[in-house]
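Enquirer: I would like the atomic coordinates for the input below:
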Amino acid sequence: MATIYEVSELAGVSLATVSRVLNNNTRVSDKTRKKVTDAMEQLGYRPNSIAQSLASNRSNSVGILVSELHGPIFGQMMAGIEAELRGAGKHVIITTGHSEEKGEKDGIEFLLSRNCDAIIIHVEAVSDEYLIELSKGPVPVYLMSRHVEEIKDHCISLDNTLGGYLATKAILEQGHTQIAYISGHQFKADSINRFNGHKKALAEKNIAFDENLFFIGDYKETGGSAGLKHFIDNNLSFSALICANDEMASGAMKYAREHGYELPNDLSIMGYDNVIFANYLYPKLTTIDNPVNEMGKMAAKLVLKTVYNQKKQNIKSVFEPRVIFRQSVIPHIP
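Expert: Below is the predicted model of the structure:
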């Protein structure tokens, strides 16, 4: 098996230069880098990752914790993070927290034990205080889709209050005033903020919030169908339905069609997230864009800049949502 010394000799460079190439150090010219990589290829040299880690005090791996592995949101998020890090020669270790405090803490401890250079986490159940204390440790921690003011420089988030506001404003502008709302779990910050935005838009139009037209779902199709069933079973009057994510919107649309509703003529439905299937529902779903893939890339860029000293990264910490108009929302005709 070839050694780093043989690579150094064949390339005609120092051991330190070979080490810099192996660790993607930018202080190596393209010409010299090619000489080293050509020598590695000619000798069949494979770097020892453990030795690299000991020599550089880096594992070149980043931990990722997400709430779940299923569902389009987390897939897009992880894809964005992984693509950006892989392009920089870094690898990822992935685990889940299942939106439970113990599960999230266990997942974080697992990633810390794997000698990750940094961890990027999407957590919903642990407290801000826990995250602030965690950030004081030796391993840098970065938050996805959550803003904690005390560690805001390590947060990549979406303005969900604005998103909730835009969703309801778009419905109101179509003449709807009786609007049902299916929220996610109210211990989740994004659910709370989206709902607060909804109430803000209603208040601007002097429309009183009706508790009867509010249902707490589960961010899954089942939550959408259960919410719409609840409103129908209670003989409530509404011409539009806003769901706090697209999965619940799809569940509500399915339930509506199964119970004789002609969409969107009988009921306008608004989603949130703009996941890939939203454009393939019938009717195509009007929704709020949640750019989690771009946010994932940005979290990775933040890690590359602050942990791996790749200074050329331009960081955007807070993303703004926007309405994606399709066919599931139409003007209300009294």
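
Enquirer: Buried residues in stretch 282-295, which are they?
Expert: By neighbour count on 16 or more other Cβ atoms under 10 Å, the buried set for stretch 282-295 is 283, 285-295. Where C-beta positions appear, they are placed from N, C-alpha and C, glycine not excepted.

Enquirer: Let me know the closest of these to residue 163.
Expert: residue 288 (4.7 Å; Cβ to Cβ).

Enquirer: quick one: which helix or strand includes that closest one?
Expert: Residue 288 is part of strand 287-289, with elements assigned from DSSP states H and E.

Enquirer: Which SSE is immediately downstream of that strand?
Expert: helix 292-306.

Enquirer: Buried ones in that next one, by neighbour count?
Expert: By 16+ other Cβ under 10 Å, the buried positions in helix 292-306 come out as 292-304, 306.

Enquirer: Could I get those residues in CSV, plus columns for pLDDT?
Expert: Formatted as CSV, the buried residues of helix 292-306 follow (pLDDT from 0 to 100):
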residue, pLDDT
292, 95
293, 96
294, 96
295, 97
296, 97
297, 96
298, 97
299, 97
300, 96
301, 96
302, 96
303, 96
304, 95
306, 94
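
Enquirer: could I get those residues as TSV with distance to residue 166?
Expert: Listed next are those as TSV, based on distance: Cβ to Cβ, whole Å:
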residue	distance to residue 166
292	17
293	20
294	18
295	17
296	22
297	23
298	21
299	23
300	27
301	26
302	26
303	30
304	31
306	31
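
Enquirer: nearest to residue 8, of those residues?
Expert: residue 304 (27.4 Å).

Enquirer: Spatially nearest residue to that closest one (excluding sequence neighbours)?
Expert: Closest residue in space to residue 304, ignoring its immediate chain neighbours: residue 310 at 4.3 Å, by Cβ to Cβ, 6 or more residues apart in numbering.

Enquirer: For residue 109, give its distance to residue 65.
Expert: Distance of residue 109 to residue 65, computed by Cβ to Cβ, to the nearest Å: 10 Å.

Enquirer: before we move on, back to that, which phi and psi does the residue nearest to residue 304 have?
Expert: With angles defined as degrees, to the nearest 10, residue 310 sits at phi -90, psi 90.

Enquirer: ok, so what distance separates it from residue 119?
Expert: Residue 310 is 18 Å from residue 119, by Cβ to Cβ.

Enquirer: what about the two, which has more around it?
Expert: Comparing residue 310 with residue 119 by other Cβ atoms under 10 Å, the one with more neighbours is residue 119, at 24 against 14.

Enquirer: can you list the weak-confidence ranges in the protein?
Expert: 1, 25-26, 48-57 (pLDDT under 70).

Enquirer: Please parse it into its domains.
Expert: Listed domain ranges for the chain are 4-56, 61-157+292-319, 160-290 (source: automatic domain parsing).

Enquirer: Let's have those domains in CSV, adding distance to residue 328.
Expert: What follows is these, written out as CSV (distance: least, Cβ to Cβ, whole Å):
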stretch, distance to residue 328
domain 4-56, 47
domain 61-157+292-319, 18
domain 160-290, 5
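
Enquirer: Tell me which helix or strand residue 64 sits in.
Expert: Counting by DSSP H and E, residue 64 is found in strand 61-66.

Enquirer: Can you list the strands that that strand pairs with?
Expert: strand 91-96 (parallel), strand 118-121 (parallel) (DSSP bridges).
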